[in-house]
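> quick one, structure for this:
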Amino acid sequence: MIGNEILSGKVVDVNSPYLCRELRALGVDVRRVLTIPDEIELIAKEVRAMSESFDWVFTSGGIGPTHDDLTMEGVSHAFGMPLEVSESIASRIERALGSGGLDESQRKMAMIPRGAHLVDSGDLWFPVVIVRNVHVFPGIPDLLQRKFQSIRERFRGVPFVLRRVFVTQRESEIASVLNALLVEYPELLLGSYPRVGEGAFHVLLTLESRDPDYVKRALDELVRRLPAEAIHKVE
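Below you'll find the predicted structure:
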């Protein structure tokens, strides 16, 4: 996520949780979420590092017409790809605005790294810009979500299966059970999340795997190991 407004607390980041949920549902293992300020060199450094380390990279924010919209310039610098006006985007902007030409700020929105790939984004006039494996999204949540939905099937893999167990005991009381479960099921993604003020339960456990049978067997074993009275419900 790119933007001084997020790091200063003026704007709450809702794009990261949205993308994490959507990608997880598609079977994508999200490995890192990073928020950085509007600084070209820093954007370039982090985009380049992320691109080299992961299959897909998603940026959010910094692609508007104002002085602090620096994402395209940062991505351009990351890969040594000069910025140039996309005639396709320029014509789309003109049609959307009903104008006979672009002013300087509007022209700025049509600047993309040379060689970038454009993908139409559903009913939106502005396409998704893809540079190598970097997908550049706007920071406005509604626009980001609509753009992502238009290309989400590109990222579909084997989805994760998730089961939840709501436990009335404390974490300290069930830690040994969880540790033993992981010895038997080392590939299980097991999460333990204490809850305060819920009343009916104290810990939410999550069990995940891409293998439905693996999750079922691990869940059955967990339920067998926990005292019956400790289980509030299973979802």
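
> which parts of this protein are helices?
4-7, 15-26, 40-53, 71-79, 87-97, 104-108, 141-151, 171-184, 212-225 (DSSP state H).

> mind listing what's buried in the first one?
Which is helix 4-7. Using 16 or more other CB atoms under 10 Å as the test for burial, helix 4-7 gives 5, 6. For every residue, glycine as well, the C-beta is placed using N, CA and C.

> show residues contacting that helix.
11, 12, 13, 35, 36, 37, 38, 61, 68 (CB atoms under 8 Å, 6 or more residues apart in numbering).

> same deal with stretch 175-187?
Contact with stretch 175-187 is made by 188, 190, 192, 205, 209, 214, 217, 218, 221, 222, 225, 226, as judged by CB under 8 Å, 6+ apart.

> domain parsing for this protein?
Domain ranges of the chain: 4-155, 161-234, per automatic domain parsing.

> could you dump those into CSV and include mean pLDDT?
Shown next, in CSV, are those (pLDDT from 0 to 100):
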stretch, mean pLDDT
domain 4-155, 94
domain 161-234, 96
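
> residue 200: neighbour count?
Neighbour count of residue 200, defined by other CB atoms under 10 Å: 9.

> how many neighbours does the residue nearest to it when sequence neighbours are not counted have?
In space, and not counting its chain neighbours, residue 200 is closest to residue 232: 5.4 Å by CB to CB, 6 or more residues apart in numbering. When neighbours are counted by other CB under 10 Å, residue 232 registers 17.

> residues in contact with residue 232?
Going by CB under 8 Å, 6+ apart, residue 232 touches 166, 167, 168, 200, 201.

> how about the fourth one, phi and psi?
Just to be clear, that refers to residue 200. Backbone torsions of residue 200, given as degrees, to the nearest 10, read phi -80, psi -20.

> now do it against residue 81, distance only.
55 Å (CB to CB, to the nearest Å).

> rewinding a little: need the contacts of residue 232 in a markdown table with distance to residue 57, can you?
Below are those laid out as a markdown table (distance: CB to CB, whole Å):
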| residue | distance to residue 57 |
| --- | --- |
| 166 | 36 |
| 167 | 37 |
| 168 | 42 |
| 200 | 41 |
| 201 | 37 |
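
> now which of those residues would you call buried?
166, 167, 168, 201.

> which pair in these has the greatest spatial separation?
The distance between the two most remote of the buried ones among the contacts of residue 232 (CB to CB) is 7.8 Å, for 166 and 168.

> overlap of the contact sets of those two?
Common contacts of residue 166 and residue 168 (CB under 8 Å, 6+ apart): 200, 201, 231, 232.

> wait, which of the residues you listed is closest to residue 96?
Among these, and counting by CB to CB, the member closest to residue 96 is residue 201, at 50.5 Å.

> wait, isn't the closest one in contact with residue 168?
Yes - applying CB atoms under 8 Å, one finds residue 201 in contact with residue 168, separated by 5.3 Å.

> residue 200 and residue 168 touch, don't they?
Yes - counting by CB under 8 Å, residue 200 does reach residue 168; the two are 7.3 Å apart.

> need the contact list for the residue lying closest to residue 130 once chain neighbours are set aside.
Once flanking residues are discounted, residue 130 sits nearest to residue 117: 4.3 Å by CB to CB, 6+ apart. By CB under 8 Å, 6+ apart, the contact list for residue 117 reads 129, 130, 131.

> among those residues, which lie within strands?
129, 130, 131 (DSSP state E).

> still on that earlier bit, tell me which of the shared contacts of residue 166 and residue 168 is nearest to residue 89?
If you rank those by distance to residue 89 using CB to CB, residue 201 comes first, at 51.1 Å.
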